[in-house]
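Q: Turn this into a model:
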Amino acid sequence: MGIDSALEKTVEKILQNTEQQIISNLKDALKSSQQTLANSQSSLEQEYDKILAEGKKEAEKLEKQIIGNADLDSRNKQLLLVEESIEKVFQKAIAKLQTADRNESYSKLISSLIKESIDTIGTSEIIVQTNSKDKSVVQSLLSKFPGATLSADQIDCLGGIRVQSKDGSMKFDNTLDARLDRLNPLIRKDIATKFRG
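A: Residues are numbered from 1 along each chain as shown. Have a look, this model is predicted:
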């Protein structure tokens, strides 16, 4: 029995040592795992905060972009409405010009157009063209402008005159149509400025 007992004690001692070693290894592994988990948690929290901050920045960027697009869309719609309104005003003005009485005020306008045309082309030796409605008004005024003659050719316009020097080297379109065309961009700019302000 002595050998069996000694063998039994040896096996028991080996089992105890192995158990203690396994328990010690398990404790070390647990401690290492807890340390790794603690380190990972800090790293994960930092990564989470970073992702959250980047998401917030992206959300702010998208918000600004959406607001910017909405502002731009709103401004474009406003400009279109202004443009439509300006066009309506021009159409009403043209309609009034087409039916305007050729009275004394209109005669003064034609007189100032003739003077302006002479000053612009730099000679009083001119040939004046006009439409059928303004022919009598222009004819009655030409006596005030020596050197000016009325052309037999009539032009198609709302009113006003077209002038050229008698030698044909200089021409100036001072019809109401041409004046509207010249003033159109300035009027549009002035109105747009008022709406921006």
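Q: Longest helix in this protein, by number of residues?
A: helix 2-98 (DSSP state H).
Q: What's the first helix or strand after that one?
A: Under the assignment DSSP states H and E, the closest C-terminal helix or strand after helix 2-98 is helix 104-121.
Q: tell me the angle that following helix makes with helix 2-98.
A: Between helix 104-121 and helix 2-98, the angle comes out at 110 degrees (axes from the mean of the first three to the mean of the last three Cα atoms, to 10 degrees).
Q: Run through who's touching helix 104-121.
A: 100, 124, 126, 128, 134, 137-138, 140-142, 144-145, 148, 159-161, 163-165, 170-172, 174 (Cβ atoms under 8 Å, 6 or more residues apart in numbering). C-betas here are computed from N, CA, C, even on glycine.
Q: Can you tell me which of those are buried?
A: Buried members of these, scored by 16 or more other Cβ atoms under 10 Å, are 124, 126, 128, 134, 137-138, 141-142, 145, 148, 159-161, 163-165, 172, 174.
Q: So which of those belong to helices?
A: Going by DSSP H, the helices hold 137, 138, 141 from the buried ones among the contacts of helix 104-121.
Q: Do I have it right that the second one meets residue 150?
A: Yes: taking Cβ atoms under 8 Å as the contact criterion, residue 138 and residue 150 are neighbours in contact, 6.0 Å apart.
Q: Now for these two: what residues contact both?
A: 128, 130.
Q: how close does residue 101 sit to residue 159?
A: 11 Å (Cβ to Cβ, to the nearest Å).
Q: err, residue 125, not the other one
A: Distance from residue 125 to residue 159, by Cβ to Cβ: 24 Å.
Q: again, but for residue 133
A: For residue 133, the distance to residue 159 - Cβ to Cβ - is 7 Å.
Q: just residue 147 next, same as before
A: From residue 147 to residue 159 the distance is 23 Å (Cβ to Cβ).
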